[in-house]
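Engineer: Predicted model and sequence below, questions to follow.
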Amino acid sequence: MGNDTAPVLMWFRRDLRLGDHPALVAACESGRPVIPVFIHDEVVERHGAAPKWRLGLGVAKLAKALQEKGSRLILRRGNALQVLRDLISETGAGAVYWSRLYDPEAKERDTDIKSVLKDDGIDAQSFAGHLLFEPWTVETKTGGFYKVYTPMWRMVKDRDVPSDISAPGRIPAPESWPKSDALDDWQMGAAMQRGAEIVLPHTNVGEAAASSRLGNFISNWVADYNTNRDLPAVKGTSGLSENLTYGEISPRRCWHAGMRALHEGKDDAEVFLKELVWREFAYHLVHHTPRIVSDNWKEDWDAFPWNEDERKAEVKAWKQGRTGIEFVDAAMREMYVTGTMHNRGRMIVASYLTKHLLCHWKIGLNWFEDCLIDWDPASNAMGWQWSAGSGPDATPYFRVFNPVTQLDKFDKNRDYIGAWIAEGRSNPSKTALSYFDAIPQHWGMASSDSYPSPIVPPDEGRKRALEAYENRDF
């Protein structure tokens, strides 16, 4: 088959959309047939329970969207390079296009695949689309990378962001389609067990749902974003982290929506734009310092005597939302029921684990990787290291959030606590009761249990943390 008619394999990964998709547009504009592909490879296989399940939901939505365009999504399982080579052999494809990813595992895979395919004579191309700015295009005045967020924000806030591009009107189909696996056969939600049924109503899956969520946020919530985003009982955030992590909406589309709101006089939209750049900052750091996903970004923390034993009773209590600290427990329970956690809650539970309990941030990082439907490799790593004090632009090690005073400040009426903690209440909320349906049965917990006393009271934990910090040289 001549190269001018050889199909293009469009390899979808964390870009499960048709709109504002440079790789897909390029494939369609090539004039060749386009064969969309999703591969359940080793990278997908290593996903935690909630992210893998949620990814499967997104893949199903993408498959339906492609079908409505007269196309289809070919599903294959196995080593990505081998799967692509098999598909090239089966279809006579002359090109493979994909959207870039930036975490170390994906970069290593993609670099190897691009090299091998090019040696095979295949046109292997990667495209932007997951970020606003490619990490290597954002530099300090001296030509280095940014290690602090605020200067990076100042550098990019007035930078031109290209307009988002429309979805292709049609996706040229091949004369015949290769065989495809059945998504249900992959059992991507198996590890969720009974929790999937509880979390499912709280998901917002697919490109259309993401677009609707963005529109609703800009119309109704962004004007008061700066205040309400810190109130866990108020619907004050965009919720778009779930959709951005799977590429069901592009950051460019979110950016331009925020800019329009800002120009319309909604000043708090700038804070939303800053949050988008905070996500960029995480990927900027992952690209330039990939160790952030697995090791202390500040290497002088390597000698800090964090507890790394996940079997300890304190760690178990933290995971189960039974620390006796209401803000911590409510946030952890919110995660098990909804698959997400309010940002203020993420800061509180991370600070409590790494500072009050003196546990290694990797314990929290790995637990979130298993439990969050909006898990993102860059944001998760930077968030945990920021909280622990070992990361870039981190909260100072001597700043230890008091989860009780934080509750007084951000949940004065205890509405958030009432939404997620059932013990000791005569008429618990439905969401609080749902927690006991979501968690593993072997935890042996019931809403009729007594609420526990604090495993480590805030003042005692803060004192213990500061003593540990004082015993080493920062």
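Structural biologist: Now that the structure is in, tell me what you want to look at.

Engineer: Output stretch 370-380 as CSV, nothing but the C-alphas.
Structural biologist: Extracted in CSV, the C-alpha atoms of stretch 370-380 (Å, rounded to 0.1, in the frame of the first residue of the first chain):
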residue,chain,number,x,y,z
ASP,A,370,-5.0,3.8,44.4
CYS,A,371,-8.0,5.8,45.5
LEU,A,372,-8.4,8.9,43.4
ILE,A,373,-10.3,9.0,40.1
ASP,A,374,-8.6,12.3,39.3
TRP,A,375,-5.1,10.9,40.1
ASP,A,376,-2.5,12.7,38.0
PRO,A,377,1.2,11.6,38.2
ALA,A,378,2.6,15.1,38.3
SER,A,379,0.0,16.8,40.5
ASN,A,380,0.0,14.0,43.0
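
Engineer: Buried residues, it. List them.
Structural biologist: Using 16 or more other Cβ atoms under 10 Å as the burial criterion, the residues of stretch 370-380 that qualify are Cys371, Leu372, Ile373, Asp374, Trp375, Asp376, Pro377, Ala378, Ser379, Asn380. For the C-beta atoms, the positions are set from N, CA and C on the backbone; glycine is no exception.

Engineer: now stretch 103-117
Structural biologist: Residues of stretch 103-117 classed as buried by neighbour count (16+ other Cβ under 10 Å): Asp103, Pro104, Ala106, Arg109, Asp110, Ile113, Lys114, Leu117.

Engineer: what's the answer for stretch 183-197, then?
Structural biologist: For stretch 183-197, by 16+ other Cβ under 10 Å, it's Leu183, Trp186, Met188, Gly189, Met192, Gly195, Ala196.

Engineer: so what pLDDT did Thr395 get?
Structural biologist: Looking at Thr395, its pLDDT reads 68.

Engineer: Quickly note the distance from the nearest residue in space to Arg291 that is not next to it in sequence to Glu242.
Structural biologist: Of all residues not flanking Arg291 in the chain, Trp297 sits nearest, at 6.8 Å (Cβ to Cβ, 6 or more residues apart in numbering). Using Cβ to Cβ, to the nearest Å, Trp297 is found at 26 Å from Glu242.

Engineer: These two: who's more crowded?
Structural biologist: Taking other Cβ atoms under 10 Å, Trp297 and Glu242 do not tie; Glu242 has more neighbours (27 against 21).

Engineer: immediately after the helix or strand where the more buried one lies, which helix or strand?
Structural biologist: Using DSSP states H and E, the element containing Glu242 is helix 241-245. The helix or strand immediately downstream of helix 241-245 is helix 251-263, counting by DSSP H and E.

Engineer: which residues are in contact with that following helix?
Structural biologist: Under the contact criterion Cβ atoms under 8 Å, 6 or more residues apart in numbering, helix 251-263 has outside partners 19-20, 130-132, 161-164, 211, 214-215, 218, 222-223, 238, 240, 244, 269-270, 272-273, 276, 279-280.

Engineer: Now it: buried residues?
Structural biologist: Pro251, Arg252, Arg253, Cys254, Trp255, His256, Ala257, Gly258, Ala261, Leu262.

Engineer: just how off-centre is the helix or strand containing Arg109 within its chain?
Structural biologist: Using DSSP H and E, Arg109 falls within helix 104-119. Relative to the chain's own centre, helix 104-119 is displaced by 23 Å; criterion: Cα atoms, centre = their mean, to the nearest Å.

Engineer: Who are the packing partners of that helix?
Structural biologist: Packing partners of helix 104-119 (3 or more Cβ pairs under 8 Å, 6 or more residues apart in numbering; DSSP states H and E): helix 42-45, helix 80-91, strand 95-99, strand 123-127.

Engineer: before we move on, the earlier item: now distance to Leu66 and pLDDT too, for the buried residues of helix 251-263, in TSV please.
Structural biologist: TSV is the format used below for the buried residues of helix 251-263 (distance: Cβ to Cβ, whole Å; pLDDT from 0 to 100):
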residue	distance to Leu66	pLDDT
Pro251	22	98
Arg252	21	98
Arg253	19	98
Cys254	23	98
Trp255	26	98
His256	25	98
Ala257	25	98
Gly258	29	98
Ala261	31	98
Leu262	34	97
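
Engineer: how near is Trp375 to Val25?
Structural biologist: With Cβ to Cβ as the criterion, Trp375 and Val25 are 28 Å apart.

Engineer: For the closest residue to Ala191 other than its chain neighbours, grab the count of nearby residues.
Structural biologist: Nearest residue to Ala191, sequence neighbours excluded (Cβ to Cβ, 6+ apart): Ala49, at 3.6 Å. For Ala49, the neighbour count with other Cβ under 10 Å is 19.

Engineer: likewise Ala182?
Structural biologist: 7.

Engineer: Contacts only, for it.
Structural biologist: Leu75.

Engineer: coming back round to it: tell me who's in contact with the residue nearest to Ala191.
Structural biologist: With the criterion set at Cβ under 8 Å, 6+ apart, Ala49 makes contact with Ala191, Met192, Gly195, Asp370, Cys371.

Engineer: which SS class is the closest residue to Asn296 other than its chain neighbours?
Structural biologist: Nearest residue to Asn296, sequence neighbours excluded (Cβ to Cβ, 6+ apart): Ser390, at 4.4 Å. Classification of Ser390 using DSSP: H, G, I helix; E, B strand; the rest coil returns coil.

Engineer: For Ser390, what are phi and psi?
Structural biologist: Main-chain torsions, Ser390, degrees, to the nearest 10: phi -90, psi 0.

Engineer: rewinding a little: switch the contacts of Ala49 over to JSON lines; also include secondary structure, pLDDT and distance to Thr137.
Structural biologist: Formatted as JSON lines, the contacts of Ala49 follow (DSSP: H, G, I helix; E, B strand; the rest coil; pLDDT from 0 to 100; distance: Cβ to Cβ, whole Å):
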{"residue": "Ala191", "secondary structure": "helix", "pLDDT": "97", "distance to Thr137": "38"}
{"residue": "Met192", "secondary structure": "helix", "pLDDT": "96", "distance to Thr137": "38"}
{"residue": "Gly195", "secondary structure": "helix", "pLDDT": "95", "distance to Thr137": "40"}
{"residue": "Asp370", "secondary structure": "helix", "pLDDT": "98", "distance to Thr137": "34"}
{"residue": "Cys371", "secondary structure": "helix", "pLDDT": "98", "distance to Thr137": "34"}
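
Engineer: Could you export those residues to a markdown table, including columns for distance to Arg464?
Structural biologist: As requested, these are exported to a markdown table (distance: Cβ to Cβ, whole Å):
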| residue | distance to Arg464 |
| --- | --- |
| Ala191 | 35 |
| Met192 | 36 |
| Gly195 | 33 |
| Asp370 | 27 |
| Cys371 | 27 |
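
Engineer: wait, which of those residues is closest to Glu68?
Structural biologist: Closest approach to Glu68 among these (Cβ to Cβ): Met192, at 27.7 Å.

Engineer: Name all residues that make contact with the nearest residue to that closest one once chain neighbours are set aside.
Structural biologist: Nearest residue to Met192 in three dimensions, chain neighbours excluded: Trp53, at 4.7 Å (Cβ to Cβ, 6+ apart). By Cβ under 8 Å, 6+ apart, the contact list for Trp53 reads Met188, Gly189, Ala191, Met192, Ala196, Ile373.
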